[in-house]
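Visitor: attaching a predicted model along with its sequence, questions to come.
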Amino acid sequence: MSNDAPAIDTARREVLDWLRKDHRNPLFLQSHEDSEGSATHEEIADRFLGWVGPLGFTLEAVNDGNDGEPKWTGHWRFRENHLVGFKQPRYANSREDAALLACAALLENEWCRSRLS
């Protein structure tokens with residue numbers, strides 16, 4: 001496990017809690033509660049993007065490192081505009097983990113969260 005594991009675990013819980021609200025999908029990945037790994041993280045992020053995309057949010061995964069030492073992060077846009085003043089999520093070693101961290105970062109931003117209702 002990487003030293004980013006606590007941040008990724010927290011992000012997974014936060015995004016799953018949001019996705020499992022009664023009016024969304026309360027049973028989403030219930031059988032995979034303790035699952036880790038990029039496949040589950042990708043599925044969680046994809047589901048989240050399915051909800052926020054129609055509201056105007058798009059996520060771009062960016063590798064600021066290289067193939068040998070990847071440094072993935074997610075950059076958010078709202079209606080094609082970069083989010084100014086938005087606290088960008090931390091870097092991750094995989095694209096899937098970076099997407100999950102970015103989803104959690106969006107939920108932590110009050111302005112963004114107010115547009116998700």
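Guide: Good, I have the coordinates. Numbers count the residues shown, from 1 in each chain.

Visitor: so the most far-flung residue of the chain relative to its centre, which of the three states?
Guide: Of all residues in the chain, Gly68 has its C-alpha farthest from the mean position, at 23.3 Å, by Cα atoms, centre = their mean. Gly68 falls in the coil class when you classify it by DSSP: H, G, I helix; E, B strand; the rest coil.

Visitor: which residues touch the residue nearest the centre of the chain?
Guide: Ranked by distance to the mean C-alpha position of the chain (Cα atoms, centre = their mean), the top residue is Cys103 at 2.3 Å. Contacts for Cys103 were tallied using Cβ atoms under 8 Å, 6 or more residues apart in numbering; they are 11, 15, 44-45, 48-49, 59, 74. From N, CA and C alone the C-beta is placed, and that goes for glycine too.

Visitor: show me which residues of the strand or helix carrying it are buried.
Guide: With elements taken from DSSP states H and E, the one containing Cys103 is helix 95-108. Going by neighbour count (16 or more other Cβ atoms under 10 Å), the buried part of helix 95-108 is 95-107.

Visitor: rebuild the residues you listed as JSON lines, extending it with pLDDT and distance to Ser114.
Guide: As requested, the buried residues of helix 95-108 are exported to JSON lines (pLDDT from 0 to 100; distance: Cβ to Cβ, whole Å):
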{"residue": "Arg95", "pLDDT": "92", "distance to Ser114": "28"}
{"residue": "Glu96", "pLDDT": "92", "distance to Ser114": "27"}
{"residue": "Asp97", "pLDDT": "93", "distance to Ser114": "26"}
{"residue": "Ala98", "pLDDT": "95", "distance to Ser114": "24"}
{"residue": "Ala99", "pLDDT": "95", "distance to Ser114": "22"}
{"residue": "Leu100", "pLDDT": "95", "distance to Ser114": "22"}
{"residue": "Leu101", "pLDDT": "96", "distance to Ser114": "21"}
{"residue": "Ala102", "pLDDT": "95", "distance to Ser114": "18"}
{"residue": "Cys103", "pLDDT": "96", "distance to Ser114": "16"}
{"residue": "Ala104", "pLDDT": "96", "distance to Ser114": "17"}
{"residue": "Ala105", "pLDDT": "95", "distance to Ser114": "15"}
{"residue": "Leu106", "pLDDT": "95", "distance to Ser114": "12"}
{"residue": "Leu107", "pLDDT": "94", "distance to Ser114": "11"}
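
Visitor: alright, calling it a day.
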